[in-house]
Structures are given as structure tokens and as C-alpha cells.
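**Student:** What follows is a protein structure lacking sequence information:
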């Protein structure tokens, strides 16, 4: 299946281990981006854009004739999680780790760049190394970059590896592929008082208690239902850690999740109505964080990806429901590209994403570039010398 030589695969593996040792979290990916730029220059990219939407990098590989633009996207950022492993290449940065596989995603896209030494017959391929996927800000920041019109693709593809799925299996789903999600942070401001005279203050405790009971009731359906919604309480804090003070401030956080963006609108409006009913005399402030829109795979792009995966010799599986977790890749489809996110099995017993002992399987470095190259051939024709 491999479209790369043994030497190239060895190099990619060593590169992934180097990236794994030095993770940078969302918004801080400066050194990772610089390394990617060096690699792209060595690959002979026809044009390179740096600093896209922050630390983002894009490279162009042009075909001989005019044609569509096909974008392959990966992510630069790691996570603010301490890695717990005995790997010889474990993270050397305290409190940070590549525990979602973005180091492997980068190397699979660079593997495609190696295979593009022979350019496609027409059009152009864009390799995009996107910042800040983990916070949901990166894709939109790239699209908002004033240079984006020079890059804007007709097609967009990306991988995410999936523990729990058979190693190397390509999961495909037409339509909804990843849930929308967003974090709601509610800050309460009342008035503290002596614990012996709570009636002289305005405590957020009753309002927070009411919301703790009410917000989870917004959940509905299962992941297979179009009206799926999930409301998960994630954090609560009231006042000071003391026995003599009736609290005057508090904070509550909840994550809302849905299959579609329309359902997310329903959830956010529902949460705000519950807050209105609970706040009483308290002053409240609501902020929204980690906003991810739903990923919806296009009919044509999904069909192309399926044909390409089978042609490349990969095992494919049609998924019967979207992933609960979120991905900001959906922004590229909303921007007009015919888009598809492919789910690449990391092994049925592999540690889960964001676990402290997760590590990207190096064997996927063979499969990933092969399927991406076949997608390129499906759209832009066979390579030419």
C-alpha cells in the first residue's frame, strides 16, 4: 500500500517522534510551524504561506494544467495534559503532550508532500498545517486571514485517528460526522455575608443548585438521532473555602453538544432561559468558549474518499453515527469547499484520545499518505514527471 520508500517512512517516523517530544499547545505553535516550513522547503513546495491565522502554514504543489484546488489539512497543536508513558520520545515539555495524534496527522500530510514530488496532471494541492484546533479557533482564524482567498479550495480533506476502531480501517460517514459543541461559563455576582446572617447577603448557591439540576435536562436523544443533545456539567465553584462566610460569587460551567448546528441553537437558547429563570437578584455574566460547529461531510467528497481508500487497498467502514467529540474542520465545508473528514482506526484497544498514555500508531504513516495520494489522483489525475 505504501507510496513512500522505506527511507522516507523511517524519516517520517523519526520526525513524528521529534514533534512528539516538543509539543506546543493552541496559540503557541511557533517552533512546530518553523519545523514544518523547513520540511516543506526541502520537499520543493511551489509556494509557502506562513503565519496563517496565527502559526498556520500552507504549501502549494501545482499541476501542469489548470484545475481544481484540493486541500489536505492537519493540526499543529498539542494538549495541556501531562504525558504518562515510558516512551523514549515522550514529551519533554512539562504539562503538555501530543495526546490527540496531531503529530501523526502532520507527518501523514508531509508524507503526501513527499509523494507529490511528481505533480498531479492538473490543478493544485494545498497542504494546510492549521493552528489551534483544540480550542476551536484555528480553522476560522485561517479562513479569516486576508490571504485565504489565494488558497481557498474546491475540495478539503482531513484525517482524525480513532482509538477503538480497527487499526488502519478508514471510517466514512456522509452527512453529519462530528458533533457541534461549546462551553458556557456563567459567573455570578451577589453579596457575601456572615454565615450566621446569610439573609443579609445575596448568595449564588440557590441559583447554581437550581441550574445543576436543570441544565442536564436539556439532553435529548441518542447519538443516532438528529435531535441528539447533551448538556454536561464540568465545573462549579461557590465563594471561598471557609465556614464563616456566606458566598457572594460563583461560577458554573457546562458543555453543550449536538449533532447539528440548528440543534445547538436550541440548546444555547434553552440554557439561557434556564439561567434567566434561576438568577433572581444576582448579576450574571455569560461567556462562550471552545466553540465548535458540526462537521458535515459532503456527498461528493465522501464518495471520492471511499473510492480512493478502496483503490489504495485500505479497509473501509460506513459509520452509522457521527463522533460525539468535536472538530473545527467543519468550517472549511461551511466556507464552500466540498469536504470530508476521514476517520482512521488507531486500534480497538488503543488508549483513547486525550488520555495521558495515548500515542499515535506509527504504522498509520504508511496508510495515510497512500489514501490522500489516491484522492489527489481521483480529482486531479495521475501524476506527471
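**Tutor:** Ah, there it is. Since this is a predicted model, take the numbers as computed values, not measurements.
**Student:** Any idea what residue 285 is bridged to?
**Tutor:** Per DSSP bridges, the residues bridged to residue 285 are residue 187.
**Student:** for it, what are its contacts?
**Tutor:** 186-187, 189 (Cβ atoms under 8 Å, 6 or more residues apart in numbering). To be clear about C-beta, it is placed using only N, CA and C from the backbone, and glycine gets the same treatment.
**Student:** Same question for residue 163.
**Tutor:** Residue 163 makes contacts with 346-347, 350-353, 358, as judged by Cβ under 8 Å, 6+ apart.
**Student:** so what pLDDT did it get?
**Tutor:** Looking at residue 163, its pLDDT stands at 98.
**Student:** and the closest residue to it other than its chain neighbours, how far is that from residue 359?
**Tutor:** Spatial nearest neighbour of residue 163, chain neighbours left out: residue 350 (4.0 Å); criterion: Cβ to Cβ, 6 or more residues apart in numbering. Computed as Cβ to Cβ, to the nearest Å, the residue 350 to residue 359 distance reads 9 Å.
**Student:** next one: residue 52
**Tutor:** Residue 52 is 28 Å from residue 359, by Cβ to Cβ.
**Student:** Can you give the contact residues for whichever strand or helix holds residue 9?
**Tutor:** Per DSSP states H and E: residue 9 is located in helix 6-21. Helix 6-21 has contacts (Cβ under 8 Å, 6+ apart) with 2, 4, 32, 35, 39, 87-92, 98, 103-104, 106-107, 110-111, 114, 359-360, 362, 365-366.
**Student:** do the same with stretch 222-233
**Tutor:** So stretch 222-233 is contacted by 179, 212, 215-221, 252-260, 263, 266-267, 271, 320-322, 324 (Cβ under 8 Å, 6+ apart).
**Student:** in the protein, which ranges drop under the pLDDT threshold?
**Tutor:** 383-385 (pLDDT under 70).
**Student:** how about 50 then?
**Tutor:** 385 (pLDDT under 50).
**Student:** tell me the helices in it, going along the chain?
**Tutor:** All helices of the chain, identified by DSSP state H, fall at 6-21, 30-42, 102-115, 138-144, 148-151, 205-214, 261-278, 299-311, 330-334, 364-380.
**Student:** mind checking which of these is nearest residue 64?
**Tutor:** helix 364-380 (10.2 Å; Cβ to Cβ).
**Student:** Tell me the gap between the closest one and the middle of its chain.
**Tutor:** 21 Å (Cα atoms, centre = their mean, to the nearest Å).
**Student:** How about stretch 132-150?
**Tutor:** The answer for stretch 132-150 is 13 Å, by Cα atoms, centre = their mean.
**Student:** Identify each buried residue in it, please.
**Tutor:** The neighbour-count check on stretch 132-150 (16 or more other Cβ atoms under 10 Å) flags 132-143, 145, 148 as buried.
**Student:** Among those residues, give me the pair with the biggest separation.
**Tutor:** The span of the buried residues of stretch 132-150, defined through Cβ to Cβ, is set by 134 and 148 at 20.9 Å.
**Student:** Pick out the residue closest to the middle of this structure.
**Tutor:** Among the residues of the chain, the one closest to the centroid is residue 327, at 3.5 Å (Cα atoms, centre = their mean).
**Student:** domains for the chain, by residue range?
**Tutor:** Listed by automatic domain parsing, the domain ranges of the chain are 6-178+294-380, 180-290.
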